[in-house]
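> give me a 3D structure for the following:
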Amino acid sequence: MKKSASSMCSALRWAVAVAVLGFGSLMNVDASYAQRVYPAKPITLIVPFAAGGGTDIGTRVVAKVAEKHLGKPFVVQNVDGGGSEVGVVQMVRSAPDGYTIAGFNSASVILTTMRKASYDAVKDISPICMVVSDPRLFVVRPDDKRFNTAQDFIKYAKDNPDKLTIGTSGAGTSGHLSIVIMNKKMGVKAKPVHFGGAGESKAAFLGGHIDALTQTYGEVLGMLKDGKAKVIAAATEKRLKELPNVPTYKEIGINLVIDSNRGFAAPKGTPKEVIDKLADAFKKASTDPEYLKQMEKLGLPAKYAGPAEWAKLIKDEFDEYSLVVKDLNVK
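The predicted structure follows:
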């Protein structure tokens, strides 16, 4: 009788073990199947900036084209606040299943070098891809005879420490840090003047209250078309196809390359297969002629970089701005 009871207990333990193992295997199969059929429903795409801005409009344009290749729609949500921190945090804390992703820009990286943020720009995300690389430009007024060339601009800054005033969209922005980097690379002391956004800095520039302006190509496109601004040099690796007659700083012997990159990221731990499917959809969108035409009209230079390259760009940007903030005590 005791032997029979012992046998029954052993059999019960064996049955429970088989059931548990079988359930675990079933869970693995379900997870694998979910990845294979991804996406099975619409995907939430968080834009961590206000509606109507360049990032918001550009995101909606590329998402509309990419969803055709993905097979399911993107549901775009604007979650503004904290210079992109609020929206990025919402993404980071979401389930890593590919159904919540977010725009992830240079601003999202830079803010984590300036202050303690609620996420780590390198460790808390799974990079998907970059879709826009908007170069940093330094512009002057066409009728300002002091600055006919980039060399004139640099010489004036060297001869007049703290006199050359350059407007930014705010303290701690990529524009602000670009001036700090420029000063270091050129050995000058240009003075950043901060405003409450791109619109305010443009108004001050056009009104003659500051000497120059540092903004991205998309931000100054309207003034360039109207003949109210002149780019003296581009902080790019190569000349821009949009501005073929404008030299790069590298051409005049200054290694100054600063871009405002825009792309997408998912929560850390999102399966590679899911990341690759999303990246592939955006890659296909980035070669669509209609998409490229729309981005050109918006002044947003389309440039695709896959997950690995995008991850490296994010890490490099984080490292560069961290050094600038630490070494120069930027506040």
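> could you break this protein into its assigned domains?
43-133+260-328, 135-252 (automatic domain parsing).
> span of the last one from start to end?
This points to domain 135-252. Using Cα to Cα, to the nearest Å, one end of domain 135-252 lies 17 Å from the other.
> now do it, average pLDDT.
The average pLDDT for domain 135-252 rounds to 91.
> again, but for stretch 285-299
94.
> before we move on, the earlier item: got a markdown table for the domains of the chain, with distance to residue 36 and mean neighbour count too?
Any C-beta I mention is one placed from the backbone N, CA and C, and that applies to glycine too. Shown next, in a markdown table, are the domains of the chain (distance: least, Cβ to Cβ, whole Å; neighbours: other Cβ atoms under 10 Å):
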| stretch | distance to residue 36 | mean neighbour count |
| --- | --- | --- |
| domain 43-133+260-328 | 8 | 19 |
| domain 135-252 | 38 | 18 |
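> distance to residue 37 for the ones you listed - can I get that in CSV?
As requested, the domains of the chain are exported to CSV (distance: least, Cβ to Cβ, whole Å):
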stretch, distance to residue 37
domain 43-133+260-328, 10
domain 135-252, 37
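> what sits against the residue nearest in space to the middle of the chain?
For the chain, the residue nearest the mean C-alpha position is residue 105 (1.7 Å; Cα atoms, centre = their mean). Contacts for residue 105 (Cβ atoms under 8 Å, 6 or more residues apart in numbering) come out as 55, 84, 260-263.
> please repeat the previous calculation with a cut-off of 6 Å.
residue 262 (Cβ atoms under 6 Å, 6 or more residues apart in numbering).
> the nearest residue to residue 206 once chain neighbours are set aside and residue 134: what is the separation?
For residue 206, ignoring the flanking residues on the chain, the nearest one in space by Cβ to Cβ, 6 or more residues apart in numbering is residue 228 at 6.1 Å. Note on residue 228: its distance to residue 134, by Cβ to Cβ, to the nearest Å, is 20 Å.
> can you verify the residue nearest to residue 206 is assigned to a strand?
No - counting by DSSP: H, G, I helix; E, B strand; the rest coil, residue 228 is not part of a strand but coil.
> gap between it and residue 73?
40 Å.
> repeat that for residue 246.
39 Å.
> what's stretch 149-168 in contact with?
So stretch 149-168 is contacted by 146-147, 175-176, 179, 186, 188-195, 201, 204-205, 210-214, 232-233, 252 (Cβ under 6 Å, 6+ apart).
> among the residues you listed, which lie within helices?
Among the contacts of stretch 149-168, the members falling in helices are 175-176, 179, 186, 201, 204-205 (criterion: DSSP state H).
> for the residues you listed, name the two members farthest from one another.
186 and 204 (22.8 Å; Cβ to Cβ).
> ranges for the strands of the stretch 201-331 of the chain?
In the stretch 201-331 of the chain, the segments counted as strands under DSSP state E, counting those that start in this stretch are 212-216, 230-234, 259-267, 302-305.
> report the longest strand in this protein, please.
If you go by DSSP state E, the chain has its longest strand at strand 125-140.
> who are the packing partners of that strand?
strand 212-216, helix 217-225, strand 230-234, strand 259-267, helix 272-285, helix 307-328 (3 or more Cβ pairs under 6 Å, 6 or more residues apart in numbering; DSSP states H and E).
> go again with 7 Å.
With contacts defined as 3 or more Cβ pairs under 7 Å, 6 or more residues apart in numbering; DSSP states H and E, strand 125-140 has these neighbours: strand 212-216, helix 217-225, strand 230-234, strand 259-267, helix 272-285, strand 302-305, helix 307-328.
> out of the ones you listed, which comes closest to residue 96?
strand 259-267 (4.2 Å).
> show me what contacts the closest residue to residue 132 other than its chain neighbours?
In space, and not counting its chain neighbours, residue 132 is closest to residue 262: 4.1 Å by Cβ to Cβ, 6+ apart. By Cβ atoms under 7 Å, 6 or more residues apart in numbering, residue 262 lies in contact with 55, 58, 103, 105, 130-132, 134.
> rewinding a little: what are the phi and psi angles of the residue nearest to the centre of the chain?
Phi and psi for residue 105, reported as degrees, to the nearest 10, are phi -110, psi 180.
> got it, and residue 168?
The phi/psi pair for residue 168 (degrees, to the nearest 10) is phi -130, psi 170.
> circling back: and the ones in helices among the contacts of stretch 149-168, which is closest to residue 222?
residue 205 (12.4 Å).
> does the closest one touch residue 213 like I think?
Yes - counting by Cβ atoms under 7 Å, residue 205 touches residue 213, with 4.4 Å between them.
> strand partners (parallel or antiparallel) of the longest strand of the chain?
strand 212-216 (antiparallel), strand 230-234 (antiparallel), strand 259-267 (antiparallel), strand 302-305 (antiparallel) (DSSP bridges).
> next, the angle from that strand to helix 272-285.
Here strand 125-140 runs at an angle of 30 degrees relative to helix 272-285 (axes from the mean of the first three to the mean of the last three Cα atoms, to 10 degrees).
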